[in-house]
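Q: Sequence plus predicted model, see below.
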Amino acid sequence: AQTVTQSQPEMSVQEAETVTLSCTYDTSESDYYLFWYKQPPSRQMILVIRQEAYKQQNATENRFSVNFQKAAKSFSLKISDSQLGDAAMYFCAYRSYYNTDKLIFGTGTRLQVFP
Amino acid sequence: EAQVTQNPRYLITVTGKKLTVTCSQNMNHEYMSWYRQDPGLGLRQIYYSMNVEVTDKGDVPEGYKVSRKEKRNFPLILESPSPNQTSLYFCASSPLGSEKLFFGSGTQLSVL
């Protein structure tokens, strides 16, 4: 069974600085998707970025980028030029390419942003 | 506007009083799913449905029921709620085979 691990329950960063959130996963599959979701205090689940495992190139969305290391089963999220609005809970998630019945989530990392 | 609508957003109830959390999507998605979110545990899948009249258990189905009589609706039923079902619940949907999930805005349930 697949698992997703986020080993940092809390992180903090100063405004305008860069922070990296860690995520590791375990799977025997070769084709899958990885995601980072943001959950602000409103509790909404907002998709930040996604990565297809067959793509070697790391995904980027504006200030958000990932470092995808398939062999190491690592999928970290880098937030550049952090803003106060980035403060939220961040979840890493895995979805199989073939068995699309569910997302498997990590336990989350709470990010605080200080002015 | 394409969306997944959950109701209610907040619910406080007492042990044993049956309740239903509704979920409706207007995107004609085949796949729908329920998750619960608990501190330190992330989100865990309760039940999912691949199409009308097709439902299956997720990782934590005990104490819950679902039905999928219509494509757009996927209600979550707690026949006899208990305090350990106090949680934040999310409904989600997607086209079949798509990796992108659309989430509802969540239902915070407290069972006293």
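A: Received it, and whenever you're ready, just let me know what you need. Remember, it's a predicted structure, so these values are computed and weren't measured experimentally. Numbers count the residues shown, from 1 in each chain, chains lettered A, B, ... in the order given.

Q: residues in chain A within reach of chain B, list them.
A: Applying C-beta under 8 Å from any C-beta of the partner chain, we find that chain A lies next to chain B at A:4, A:6, A:9, A:33, A:42-45, A:47, A:50, A:91, A:93, A:95, A:97, A:100-103, A:105-108. The way it works is simple: take the backbone N, C-alpha and C, and place the C-beta from them, glycine included.

Q: So which of these are in strands?
A: Counting by DSSP state E, these place A:4, A:33, A:47, A:50, A:91, A:93, A:95, A:105 in strands.

Q: Now restrict these to buried residues only.
A: Taking 16 or more other C-beta atoms under 10 Å in any protein chain shown as the criterion, what is buried in these is A:4, A:33, A:50, A:91, A:93, A:95, A:105.

Q: got a list of what the fourth one touches?
A: Contacts for A:Phe91 (C-beta atoms under 8 Å, 6 or more residues apart in numbering or on different chains) come out as A:6, A:36-37, A:39, A:45, A:105-106, A:108, B:42-43.

Q: what's the closest of the residues you listed to A:Leu84?
A: A:Gln39 (16.0 Å; C-beta to C-beta).

Q: That closest one reaches A:Ala88, doesn't it?
A: Yes - contact between A:Gln39 and A:Ala88 holds when scored by C-beta atoms under 8 Å: they sit 5.7 Å apart.

Q: now the lengthiest strand in chain B: how far from the chain's centre is it?
A: Longest among the strand segments of chain B by residue count, using DSSP E, is strand B:42-51. Centroid separation for strand B:42-51 versus its chain: 7 Å, with C-alpha atoms, centre = their mean, to the nearest Å.

Q: now swap in stretch B:46-55 and tell me
A: 11 Å.

Q: Give me the contacts around that stretch.
A: A:101-102, B:30-36, B:56-61, B:64, B:66-71, B:74, B:76, B:89, B:96.

Q: what do you get for stretch B:105-112?
A: Contacts for stretch B:105-112 (C-beta under 8 Å, 6+ apart): A:42-45, B:6-15, B:19, B:21, B:37, B:81-90.

Q: Just want the most central residue of the chain.
A: Assuming you mean chain A. A:Trp36 (3.2 Å; C-alpha atoms, centre = their mean).

Q: Oops, wrong one, chain B.
A: Most central in chain B (C-alpha atoms, centre = their mean) works out to B:Trp34, at 3.2 Å.

Q: that's a helix at that one, yeah?
A: No - applying DSSP: H, G, I helix; E, B strand; the rest coil, one finds B:Trp34 to be strand, outside a helix.
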